[in-house]
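Participant: just a sequence and a predicted model for now, questions to come.
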Amino acid sequence: MKRTFKVFMADARRLSSNVVAIVIIMGLSIIPALYAWFNIMSNWDPYGESATSQMHIAVYSEDKGVTYDKFKLCMGDTVVEGLESNKTIGWIFSDTKEDAMEEVYSGDCYATFIIPENFTEDMLSFLSGDPVNPQIEYYENSKKNAIATKITSKVKTTVQQTVNTSVVSNITKIASQSGEAIVGSSQDINLLGNIVSKLKEMDSSLSTYSDILSTFALLTDSAGELVGSTQSLLPGIEGMIDNGQSTVNGMQGSVLSGAQTASTISSMVDISLGTVKDQLDLFNGSIKKIDINTDISLPQANFDALNELANNTFDVISDLGIADQNDLASAKENFNAIGAQMESLKLDASLTAEKLEALKQSIEMEVSACQSAIDELKGSFDYDITPKISDSVYDMEYALIETQTLLGSLDDSFPDINNALDSYAKVLESGNADIVETKEYVDEIRNGLSTVINGLNDLENDEQYQEVTQMLKTDPTLIADFVTSPISMDEQKIYEIKNYGSAMSPFYTVLALWVGGLINVALIHVKVKDNKEIEGVKGRHKYFGRYIVFFLIGQVQTLITVLGDLYFVDIQCKHRFLFWLACSITSLMFTIFMYSLTVAFGNVGEAVAVVVMVIQVAGAGGTFPVEVLPEVYRMIYKYLPFTYAMNALRECVGGMYRFTYAKCLGVLGIYIVISIIIGLFLGRPFKKLNEAIEKSKERSGLMI
């Protein structure tokens, strides 16, 4: 120990007597600190609003908007107005597209947004049933700065999300407000109530029509008997002509009313089939959303109600007796198949994801087949049954008009009255048959209509329907806000660091200490020359004696750097003393490691120290997470001293987790031991090689 200090004291006396050496040591002490401070301050808050607001992005809108009557909507102007209120970026709003493009090509702006002229039109295209995704053109100058493009890309995503949120919010508000028309309010009758009321009015009209048809049948029977009596009572026929004309006039008005009612009946059956098909689409959509954990009670209930409506409609069509029975049977068979699969889905307790997917696909196929059968039924009803009903009514109307003409011409054609009465009897017989058939149709439709009314009344009293109506009565704004942002984050920051500069301070501080140690071995000789002051000392004494100088300079560098970090730069640090202690041990490890390499390998050792520094800067996770680095760095970073030095300082800056701090310092201690072994035991084997390298450098006349 005494011989070691003897070497150190000899070095100290030489240094203290040399002014130039003192100045150099002072420079060595301050340079690493400056390196750390400047880097930390330059990265203090690069992503803050005050910094990003200096980055320029150009914006230009070509959107012409859409005009409806006197109302004009221009989403491009809305986007520009929203960006004008955004202060996180330095927006430049250009007058022309050419100016905006010139900004990004010249490098005056990092990016440019161009809103096309059909932006609003595409935005509203979903209303026409042929939606087109609106696009905003985005141009980015990647050449100007690599990190800047990452920030502008984030801005691009933010703009896209803002526009999407605005559109979804407006659509949801409209849909929610439309829901008020469906469920009504405390003052208004709701849509379902209106439908039931209209159906009841229709049923009342059909009842009246049925009574009229019954009366028509009686009148035609009476008219037939009257014709027979008239043929035997020709002398009094003139008085009866007026009565016959009046009767025919009344029947003609009733038949015209019957034609309108027949058209209404056809429309109701057609609407019922269309409703069944549309509800199958909604049911199919609910089936697609089912997963292994979904409660299928709601889809099951929806299908049960749909099945009841479909069966009632099929029964009405079947009772008419003129529909295609094959199409009707096919539709019923498909509904039964869907019902059986729904029962299987509900009762299978061991249902797997694969089995569920197979059932869903099978149900979708049955739904598609059922919709095809309904289309066939609907076409048959529209183009076959409805014309038959109308033809029957119109035939009767034509017959009555012909009768009226005959009666009106009796005065001039009295000699032919007997023949006319025969024709009249045939017309009345044909009309009576049509009236009876039409009355049967009306009665069947009334039965089906009664079923629909009862079904709607049951739906209105259904508990699930009441829950839906309560949801639709909710404030549309609240629903819109929920749909656009259904999930909120309860952010809880762990080991929060207040700014980016403080977060980067461990990396730049550790790097500065390494640079300090590297400068030391580059400017201060590690080889101790024999002289009278240190006679009798051995290699180990020279090794430790000269290292004391490196150690002390390294500790001065550390102290200045740490004090500047804490009180000049003012980084966040929860454990200031431990921060200094970790830096002190880090400096000890770095200086002895590079000192030992230089002792053992000379200039080659210095070069190795530089290479190790480069590898550590790239692969120790100082700037980017280790997980995103190439695989080779992910393999070696655990063996780099930078990793443990930075982690120890991070514990001091952000907060301690158990024994992480102590473990990191312990690993650095292992590197200290390895460094001592390198310095003491590898120097002698490489001594001759180092001397040969030194002589070769001297002979070059260029290197020292």
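Facilitator: Yes, it's here.
Participant: could you give the number of residues near V599?
Facilitator: 27 (other Cβ atoms under 10 Å). To be clear about C-beta, it is placed using only N, CA and C from the backbone, and glycine gets the same treatment.
Participant: which ones are touching it?
Facilitator: With contact taken as Cβ atoms under 8 Å, 6 or more residues apart in numbering, V599 is in contact with 526-527, 543, 605, 679, 683.
Participant: same question for A353.
Facilitator: A353 neighbours (Cβ under 8 Å, 6+ apart): 291-292.
Participant: ok, it to L359 distance?
Facilitator: Per Cβ to Cβ, to the nearest Å, A353 is found 11 Å from L359.
Participant: swap in C74?
Facilitator: Taking Cβ to Cβ, one finds C74 at 48 Å from L359.
Participant: could you point out which element follows the helix or strand bottoming out on mean pLDDT in the chain?
Facilitator: Every helix and strand of the chain was ranked by mean pLDDT, DSSP states H and E. The lowest is helix 476-484, at a mean of 56. Following helix 476-484 in sequence order, the next helix or strand is helix 500-523 (DSSP states H and E).
Participant: and that next one, what's buried?
Facilitator: The neighbour-count check on helix 500-523 (16 or more other Cβ atoms under 10 Å) flags 500-521 as buried.
Participant: and F551, its phi and psi?
Facilitator: Dihedral pair for F551: phi -60, psi -50, per degrees, to the nearest 10.
Participant: let me see the contact set for the closest residue to Q160 other than its chain neighbours.
Facilitator: Distances taken as Cβ to Cβ, 6 or more residues apart in numbering place I136 nearest to Q160, at 7.3 Å, with adjacent residues excluded. By Cβ under 8 Å, 6+ apart, the residues touching I136 are 79, 113-116, 119, 159-160, 163.
Participant: cool, T4 as well?
Facilitator: Contacts of T4 by Cβ under 8 Å, 6+ apart are 537, 540-541, 544-545, 548.
Participant: check D281 too.
Facilitator: Neighbours of D281 in contact, by Cβ under 8 Å, 6+ apart: Q371.
Participant: so which strand or helix has it?
Facilitator: helix 237-288.
Participant: and for R546?
Facilitator: helix 539-563.
Participant: who does that helix touch, helix- and strand-wise?
Facilitator: Secondary-structure packing of helix 539-563 (3 or more Cβ pairs under 8 Å, 6 or more residues apart in numbering; DSSP states H and E): helix 2-16, helix 19-42, helix 500-523, helix 576-601, helix 660-681.
Participant: mind listing what's buried along that helix?
Facilitator: Neighbour-count burial for helix 539-563 [16+ other Cβ under 10 Å]: 541-551, 553-562.
Participant: please apply the same query to stretch 124-144.
Facilitator: So for stretch 124-144, counting by 16+ other Cβ under 10 Å, buried means 124, 134, 136, 138-141, 144.
Participant: stretch 680-690 now?
Facilitator: 680, 682-683, 686, 690.
Participant: would you reformat these as JSON lines and include pLDDT?
Facilitator: Output for these, formatted as JSON lines (pLDDT from 0 to 100):
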{"residue": "L680", "pLDDT": "89"}
{"residue": "L682", "pLDDT": "84"}
{"residue": "G683", "pLDDT": "73"}
{"residue": "F686", "pLDDT": "73"}
{"residue": "N690", "pLDDT": "71"}
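Participant: could I get those residues as CSV with distance to G654?
Facilitator: Below are the buried residues of stretch 680-690 laid out as CSV (distance: Cβ to Cβ, whole Å):
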residue, distance to G654
L680, 38
L682, 39
G683, 41
F686, 43
N690, 44
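Participant: among those, which one lies nearest to Y657?
Facilitator: Using Cβ to Cβ, L680 is the member of the buried residues of stretch 680-690 that lies nearest Y657, at 36.3 Å.
Participant: quick check: that closest one touching R540?
Facilitator: Yes - under the criterion of Cβ atoms under 8 Å, L680 makes contact with R540 at 6.1 Å.
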